[in-house]
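**Q** Mind folding the following:
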Amino acid sequence: MRRFPLVLLRLPAVLVLVLGLECLSATHARSTHAAGYETLMVPSAAMGRDIPVAFLAGGPHAVYLLDPFDAGPDVSNWVTAGNAMTTL
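**A** As a prediction, this is how the structure comes out:
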């Protein structure tokens, strides 16, 4: 019977910790989105032209998203139609 009050004291502490971590991760995601992205032009010898690449800094990981052959020449479809910068 003494364990029951101890569980009731631990449960709110765990909930506060989880909610605090969730708020912290949501704030980090918003700050990454607010930073925006940079468009770089990468030369391609195989294609005979410069290829636009959208670059978003902010961590040690990388995701490479290749546009299909019918993508627009000036901007990545992943940025405009795919909304990749806010989704990933």
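
**Q** Could you report the distance from residue 50 to residue 40?
**A** Residue 50 sits 9 Å away from residue 40, going by Cβ to Cβ, to the nearest Å. Every residue, glycine included, has its C-beta placed from N, CA and C.

**Q** Revised request: answer the last question for residue 67.
**A** Separation of residue 67 from residue 40 (Cβ to Cβ) stands at 14 Å.

**Q** Give the burial count for residue 61, as a bare number.
**A** Here the count is done by other Cβ atoms under 10 Å, and residue 61 has 6 residues near it.

**Q** Which phi and psi values does it adopt?
**A** Dihedral pair for residue 61: phi -100, psi 160, per degrees, to the nearest 10.

**Q** Give me the pLDDT for it.
**A** With respect to pLDDT, residue 61 has a value of 80.

**Q** What of residue 53?
**A** Residue-level confidence at residue 53 comes out at 79, pLDDT.

**Q** May I see the buried residues of the helix or strand hosting residue 53?
**A** Counting by DSSP states H and E, the element that carries residue 53 is strand 49-55. Neighbour-count burial for strand 49-55 flags 51-52, 54 (criterion: 16 or more other Cβ atoms under 10 Å).

**Q** repeat for stretch 77-86
**A** For stretch 77-86, a neighbour-count test (16+ other Cβ under 10 Å) marks 78-79, 84-85 as buried.

**Q** Span of it from start to end?
**A** Its first and final residues considered, stretch 77-86 spans 14 Å by Cα to Cα, to the nearest Å.

**Q** low-confidence ranges in the chain?
**A** 1-35, 68-76, 88 (pLDDT under 70).

**Q** can we see that at 50?
**A** For the chain, the stretches flagged by pLDDT under 50 are 24-34.

**Q** What about residue 37, how many residues nearby?
**A** Burial of residue 37, expressed as a neighbour count using other Cβ under 10 Å, amounts to 16.

**Q** what's the spacing between the spatially closest residue to it that is not a sequence neighbour and residue 81?
**A** Of all residues not flanking residue 37 in the chain, residue 56 sits nearest, at 4.3 Å (Cβ to Cβ, 6 or more residues apart in numbering). Counting by Cβ to Cβ, the gap from residue 56 to residue 81 is 17 Å.

**Q** Thank you kindly, that will do.
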